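Peer 1: one predicted model, sequence on top.
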Amino acid sequence: MTKILHSKLTILVIGMILYGVTTVLLWKPAVPLPRPAGTASAEVAERKVAPWLWDSREVDQLVLELKKEKESLNLREQQLNELALRLQTERLELNQVTQMVRQLQTEFDRRVVRIQQEEPVNLKKLAKTYAAMTPEGAIPILKELDDNAIVKIFTYMKETETAPLLEAWAKSGASDAKRTAGISERLRVALRDNPPPGP
């Protein structure tokens, strides 16, 4: 037995056991120094000493705010996506309407040009028709026309053809006389693309 007690291995094992028992018996945790409550350094010291005792209300509040912010951003992104889709749809509709308006404008311009080109021919025909009628027959029809139309028709008639019509019309009454005076004044300043041939 003395041989075992004198062996280096036995002495080493006994020394380790005694060291472990002594360390456990003498071990005391470090106690933080008292600091004034509410200071940042006191909170940091407490957290360094006992992290499991931290107050996580602030962290929970931050996490809650981040979740709300994320939900808000998701909702905003959804709204922006819906708005972009609606704008794209409205842009397509607007393009269709614009194309339709261009087609209508082109058709209208084509027809207006055609009407403008044919208007002198039609006005000449009407001028011949009213010149061939008696003043008593033409006046009731002329009274129903617009003054612009009458002036256009009269510009394609000779003075010898318009004079009896204006005279008969002026004799119809005071208001008719006033209207014929206005038409006569407009005839004085009226211009025509193709002047009538001379007498």
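Peer 2: Cool, got the structure.
Peer 1: give me the distance between Thr162 and Leu126.
Peer 2: 13 Å (C-beta to C-beta, to the nearest Å). From N, CA and C alone the C-beta is placed, and that goes for glycine too.
Peer 1: quick check: the gap between Thr180 and Leu142.
Peer 2: 10 Å.
Peer 1: overlap of the contact sets of the two?
Peer 2: Residues touching both Thr180 and Leu142 by C-beta atoms under 8 Å, 6 or more residues apart in numbering: Trp169.
Peer 1: next helix or strand past the helix or strand of the chain with the lowest mean pLDDT?
Peer 2: In the chain, the helix or strand scored least confidently by mean pLDDT, DSSP states H and E is helix 40-49, which has a mean of 52. Using DSSP states H and E, the helix or strand that follows helix 40-49 in sequence is helix 57-132.
Peer 1: how far is that next one from where the chain is centred?
Peer 2: Taking C-alpha atoms, centre = their mean, to the nearest Å, the mean C-alpha location of helix 57-132 is offset from the chain mean by 9 Å.
Peer 1: please renumber the chain so that the first residue is 19 from this point on.
Peer 2: Will do, 19 is the new start, and the previous item becomes helix 75-150.
Peer 1: helix or strand right after it?
Peer 2: Next element after helix 75-150 (DSSP H and E): helix 153-162.
Peer 1: kindly export that following helix (C-alpha atoms) in CSV.
Peer 2: What follows is helix 153-162, C-alpha atoms only, in CSV (Å, rounded to 0.1, in the frame of the first residue of the first chain):
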residue,chain,number,x,y,z
PRO,A,153,-90.3,86.4,-104.1
GLU,A,154,-93.6,85.5,-102.4
GLY,A,155,-92.6,81.7,-102.6
ALA,A,156,-89.0,82.1,-101.6
ILE,A,157,-89.4,84.5,-98.6
PRO,A,158,-91.2,82.1,-96.3
ILE,A,159,-88.4,79.5,-96.9
LEU,A,160,-85.6,82.1,-96.4
LYS,A,161,-87.2,83.3,-93.1
GLU,A,162,-86.6,79.8,-91.7
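Peer 1: give me the number of neighbouring residues for Met175.
Peer 2: By the criterion of other C-beta atoms under 10 Å, Met175 has 20 neighbours.
Peer 1: over to it: give its phi and psi.
Peer 2: Main-chain torsions, Met175, degrees, to the nearest 10: phi -110, psi 160.
Peer 1: separation between the residue most central in space within the chain and Asn99?
Peer 2: Nearest to the geometric centre of the chain sits Leu105, at 7.6 Å (C-alpha atoms, centre = their mean). In this view, Leu105 and Asn99 are 11 Å apart by C-beta to C-beta.
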